[in-house]
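[1] Okay, sequence plus prediction incoming.
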Amino acid sequence: MTDPAAHRFPGRDGVDLAYRELGGGRPLVLLHGFTADGTQWIRSGHATALAGQGYRVVLPDLRGHGHSARPHDPACYPPDVMADDGLALIEWLGLGDYDLGGYSWGARTVLRMLVRGARPARAIAGGQGLDAVTRASSPHGGYRRVLTAMADGEPLEPGSPEAAQASWITRLGGDPKALLRVLDTHVPTPETALARITTPVLVAVGDRDRGQSSAGALAATLPNARFTRVPGDHYTAFAGPEFASAITAFLGPAS
């Protein structure tokens, strides 16, 4: 299918950002993973399925990604700016009663938004574990090495995992310099803050997602969480029908 047209909204600091919409009805804002964009949810079929259940699915491109601005100035990437932008979108759209979800980096941003005062009726945190959420530095160290090489024009060993990762970023149209700045926006969320989140949260993770093996601990820390494992690793779990089924079972038809 043809991707819906991108609309524009200003980030908290006025940076020009993009979002798309599918369907109509109850708003559901979904945040994508690192190096991807909002169409990640369309390509998987999840956004279309949810729109078919009566949701107005809102898909922003995070700062530094997709059709959103990709400035290289470090001043455009202060700590927690992704949560700032998410909160700005909620305000821009005038959403009151809505749901919120994300996968991987998007899930971490969802949790930051909840800690910062977002009040969706329900939230989804897919492909994310407690360790990644609470650690002081960004958990994407491997990405940093690859992005630095790409930004500096340094060759990567042909056939290596790093070269494959660089090829994937290139196919997605990623901007290495902007994505490096995105990594610097990570802010850890302590367990004490997570324990104050009262929103019902679905924590879903692939059963072979070794990098997020602490997802069960994340769910245990959240006071009102539902935990489920779905088949796949960090990448294949997202695209699988079981992940879609977990979301629809959690949300139910739009009211």
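    That came through, no problem.

[2] how near is the residue lying closest to Thr39 once chain neighbours are set aside to Ala195?
    Leaving aside its sequence neighbours, Thr39 sits nearest to Asp3 (C-beta to C-beta, 6 or more residues apart in numbering; 5.5 Å). For glycine as for every other residue, the C-beta is placed from the backbone atoms N, C-alpha and C. As judged by C-beta to C-beta, to the nearest Å, Asp3 and Ala195 stand 39 Å apart.

[3] before we move on, back to that, ok so the residue nearest to Thr39 is a strand residue?
    No - looking at Asp3 with DSSP: H, G, I helix; E, B strand; the rest coil, it is coil, so not inside a strand.

[4] wait, doesn't it sit right on Arg20?
    Yes - with contact defined as C-beta atoms under 8 Å, Asp3 counts as touching Arg20 (6.7 Å).

[5] residues making contact with the helix or strand of the chain with the lowest mean pLDDT?
    Taking mean pLDDT, DSSP states H and E as the measure, the helix or strand of the chain with the lowest value is helix 141-152, at a mean of 90. Applying C-beta atoms under 8 Å, 6 or more residues apart in numbering, the contact partners of helix 141-152 are 34-35, 138, 154-156, 162, 165-166, 169-170, 176-177, 179-180, 183.

[6] With stretch 82-98 instead?
    Applying C-beta under 8 Å, 6+ apart, the contact partners of stretch 82-98 are 9-13, 15, 17, 19, 26-29, 31, 58, 60, 62-63, 78, 105, 109-110, 112-113, 116-118, 120-121, 182, 185, 187.

[7] ditto for stretch 61-73
    Counting by C-beta under 8 Å, 6+ apart, residues outside stretch 61-73 touching it are 6, 11, 15-19, 31-32, 35-39, 60, 76-77, 81-82, 85, 105-106, 109, 173-175, 177-179, 181-182.

[8] same thing but at 6 Å, please
    6, 15-18, 37-38, 82, 85, 175, 177-179, 182 (C-beta atoms under 6 Å, 6 or more residues apart in numbering).

[9] Go through stretch 188-197 and flag the buried ones.
    For stretch 188-197, the neighbour count (16 or more other C-beta atoms under 10 Å) marks 189, 193-194, 197 as buried.

[10] Thr248: which of those residues is nearest?
    Nearest to Thr248 among the buried residues of stretch 188-197 is Ile197, at 22.4 Å by C-beta to C-beta.

[11] list the contacts for that closest one?
    Residues counted as contacts of Ile197 (C-beta under 6 Å, 6+ apart) are 114, 222.

[12] Can you give me the distance of it to Leu218?
    11 Å.

[13] follow-up on the earlier one: pLDDT at the residue nearest to Thr39, what is it?
    We have a pLDDT of 82 for Asp3.

[14] That one: how many residues sit nearby?
    Using other C-beta atoms under 10 Å, Asp3 has 14 other residues around it.

[15] what helix or strand is the residue positioned nearest the centre of the chain on?
    Centroid-nearest residue in the chain, with C-alpha atoms, centre = their mean: Gly106, separated by 1.4 Å. Element membership for Gly106, per DSSP states H and E: helix 105-115.

[16] CA atoms only: put that helix into CSV for me.
    Extracted in CSV, the C-alpha atoms of helix 105-115 (Å, rounded to 0.1, in the frame of the first residue of the first chain):
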residue,chain,number,x,y,z
TRP,A,105,13.9,2.8,21.4
GLY,A,106,10.3,3.8,20.9
ALA,A,107,9.3,1.7,24.0
ARG,A,108,12.0,3.4,26.1
THR,A,109,10.7,6.8,24.9
VAL,A,110,7.2,5.7,25.9
LEU,A,111,8.4,4.9,29.4
ARG,A,112,10.2,8.3,29.6
MET,A,113,6.9,10.0,28.6
LEU,A,114,5.0,8.2,31.3
VAL,A,115,7.6,9.2,33.9
